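[1] how would this look folded up:
(chains A and B)
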Amino acid sequence: MFNTNEVLETINMIEKEHLDIRTVTMGISLMPCISGTAEETAKKVYDTVCKKAENIVKVTSDLSLEYGIPIVNKRVSITPASLICAPFADKSYKIGKALDDAAKAVGVDFLGGYTALVHKGMADYEKQFILSIPEVLADTDRLCSSVNIGSSKSGINMDAVKLMGEVVKETALKTADKGGYGCAKLVVFCNAVDDNPFMAGAFHGIGESGTVINVGVSGPGVVQHAISGMPDADLSEIAETIKRTAFKITRAGQLIAREASKRLNAEFGIVDLSLAPTPARGDSVAAILEEMGLESVGTHGTTACLAMLNDAVKKGGVMASSRVGGLSGAFIPVSEDIGMIEAAERGSLCMDKLEAMTAVCSVGLDMIAVPGDTSASTISAIIADEAAIGMINNKTTAVRIIPAPGKGVGDEINFGGLLGRAPIIPVHGESAEKFINRGGLIPAPIHSNKN
Amino acid sequence: MRAVVTVVGKDKTGIIAKISGFLSERNINILDISQTILGDYFAMIMLVDIGGSKTLLANLAEECAEMGKKIGMSVHVQHEEIFNAMHSV
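    Below is the predicted model of the structure:
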């Protein structure tokens, strides 16, 4: 028989502290779909996604009821689409539309993988594919896109960085009527991972098997609640509590991942334990840092608190599951976290501090709204800084930034739902255009030569 | 298959009767019960075997939540594995 306290603890976590399975993501290889023409390939892509993922919504809703834990999102990730589109890159748009239609047909929230991997060099077909991103994101609803522009092993492809600054700008302009919404579905990565279940950066890596289930668990509220019960504890005690909490959360994720993969006839991929906030109060990563003793996230001490949180989360997760993967750590998307939103509004959280925080957390500059008149080269420079942090520290970093058309500092954009709202935060006004225009490759760091 | 039924709410007469009657109607066998009063609050945890029942676990969870609302209690039915997974190393 179970211990009463343990049972009630689980129920409280779910009911009061927002413990949930953030996403069940099915990774699907679309390599067998590549055909001679774009039309034929688009049809095969649509049919494959519809067939493989046809039961994902039903299965996840059954699991949610049976285990009594909410499963918030159902998603699909696919082989990087630039590979599927390679023979007819000028018609990539058609594949993008087919993927969006398939996502709607099976009822998933998002489909990720309109992706190109150009971390060392960019073939002509990849450049053509990347240039299609703004239009595709403007004309689709559920499709997400990402581009990997650097890695610790290969360095940073600065030609791709320059191009992506322009693509981000263009995407914002093409979705100006929705506050630049397209940019919320576009991530620029360094060291992108193949098995990430979280959007907008999910894709199904080429080293993965045919069909895989990856599960993302969350629970910043649970961690915050656990810490709130220990006002006088020292930091090693707090780290221990975070670890234990992360263990429990990951276990729940692993259980759902196993069962979902069995029922969906797919391999069990990984559990990604990431503290992913939502705009709901009590579901905030910023609140955890403040619970540790900061008056406001963004002040001095924030980086240290976040470093400890991220590490303790990973340790608990690794102990709980033999298949921890994805990004696993703490996310700090500004618009999706009520504590971050409020800190940005009161001016205590600025771009430079966010950048420092990304050196110790699991992703990067995420869901940050900047003035609409920010130049493409400044956005490229922001991407380059972030990629450098990722490259040197052997970690994933990402930039998901929204140059909100027509908006300036003091305004805000509101996407609603899980994407939340973001106050526009200032960027440095001095130009980096000459640096960005140089192009070329920033060579891989010395410690990448391990062979 | 075994499931855990959790009943939490303000204490009153007839809670156990209501819940066990509901389970018995569906041919669900109660294996173990633990019940405590925390302040004014009633908390009961039952381990049940739903193998003999025709009701699917997902449907049972919904029906129980519904029944709980009628008697003013929060009633959950969950696969026992969620607790095993989260609370044992």
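
[2] pull the number of nearby residues for residue A:229.
    A count of nearby residues for residue A:229, using other Cβ atoms under 10 Å in any protein chain shown, gives 9. (Each C-beta comes from the backbone N, C-alpha and C, glycine too.)

[3] now it. Its backbone dihedrals?
    phi -80, psi 0 (degrees, to the nearest 10).

[4] just residue A:410 next, same as before
    phi 110, psi -30.

[5] any idea how many residues pack against it?
    Residue A:410 - counted by other Cβ under 10 Å - has 10 other residues nearby.

[6] for chain B, see how far away it is.
    44 Å (Cβ to the nearest Cβ, to the nearest Å).

[7] assess the claim that that residue and residue A:424 are in contact.
    Yes - the pair residue A:410 / residue A:424 is scored as a contact, 6.9 Å apart, by Cβ atoms under 8 Å.

[8] so for the helix ranked longest in chain B, what's the average pLDDT?
    Counting residues, the longest helix in chain B under DSSP state H turns out to be helix B:57-70. The average pLDDT within helix B:57-70 is 92.

[9] which parts of it are buried?
    B:57, B:58, B:59, B:60, B:61, B:64, B:68 (16 or more other Cβ atoms under 10 Å in any protein chain shown).

[10] these: which ones sit near chain A?
    B:57, B:58, B:59, B:61 (Cβ under 8 Å from any Cβ of the partner chain).

[11] how many neighbours does the closest residue to the third one other than its chain neighbours have?
    With sequence-adjacent residues excluded and distances taken as Cβ to Cβ, 6 or more residues apart in numbering or on different chains, residue B:59 is closest to residue A:65, at 7.9 Å. As a burial measure, the neighbour count of residue A:65 was computed by other Cβ under 10 Å and equals 22.

[12] residue A:158 versus residue A:65, what's the distance?
    50 Å (Cβ to Cβ, to the nearest Å).

[13] also residue B:62?
    According to Cβ to Cβ, residue B:62 stands 55 Å off from residue A:158.

[14] element containing residue 18, please.
    Just going to use chain A. Using DSSP states H and E, residue A:18 sits in no helix or strand.

[15] please refer instead to chain B.
    helix B:15-25.

[16] my guess is residue A:274 meets residue A:326, correct?
    Yes - applying Cβ under 8 Å as the test, residue A:274 and residue A:326 come out as touching, 7.0 Å apart.

[17] these two: which has the busier surroundings?
    Higher neighbour count among residue A:274 and residue A:326: residue A:274, with 30 against 25, using other Cβ under 10 Å.

[18] would you agree the more buried one falls within a strand?
    Yes - per DSSP: H, G, I helix; E, B strand; the rest coil, residue A:274 lies within a strand segment.

[19] bridged to it, which residues?
    residue A:329 (DSSP bridges).

[20] pLDDT at it, what is it?
    Predicted confidence (pLDDT) for residue A:274: 89.

[21] residues contacting it?
    Contact analysis of residue A:274 by Cβ atoms under 8 Å, 6 or more residues apart in numbering or on different chains lists A:22, A:198, A:216-218, A:313, A:326-331, A:362.

[22] restricted to strands, list the residues you listed.
    Residues of the contacts of residue A:274 located in strands (DSSP state E): A:22, A:216, A:217, A:329, A:330.

[23] wait, the last one sits on residue A:310?
    Read that as residue A:330. Yes - using Cβ under 8 Å, residue A:330 is in contact with residue A:310, at 4.8 Å.

[24] pull up the overlap in contacts between the two.
    Common contact partners of residue A:330 and residue A:310 (Cβ under 8 Å, 6+ apart): A:361, A:362.

[25] the two: who's more crowded?
    residue A:330 (29 against 24).

[26] and the contacts of the helix or strand that the helix holding residue B:18 is followed by?
    Later in the chain than helix B:15-25, the nearest helix or strand by DSSP H and E is strand B:29-38. With Cβ under 8 Å, 6+ apart as the test, strand B:29-38 has contacts from A:1, A:4, B:2, B:11, B:16, B:20, B:23, B:42-49, B:51-52.

[27] among these, name the buried ones.
    Buried among those by 16+ other Cβ under 10 Å: A:4, B:20, B:23, B:42, B:43, B:44, B:45, B:46, B:47, B:48.

[28] C-alpha coordinates for the helix or strand hosting the last one, CSV please?
    Read that as residue B:48. Here residue B:48 sits within strand B:41-49, counting by DSSP H and E. Output of strand B:41-49 as CSV, limited to C-alpha atoms (Å, rounded to 0.1, in the frame of the first residue of the first chain):
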residue,chain,number,x,y,z
TYR,B,41,-10.5,17.2,6.1
PHE,B,42,-11.2,13.7,5.1
ALA,B,43,-8.5,11.9,3.1
MET,B,44,-9.0,8.3,1.9
ILE,B,45,-6.8,6.2,-0.3
MET,B,46,-8.0,3.0,-1.7
LEU,B,47,-6.1,0.4,-3.8
VAL,B,48,-8.6,-1.3,-6.1
ASP,B,49,-8.5,-4.0,-8.7
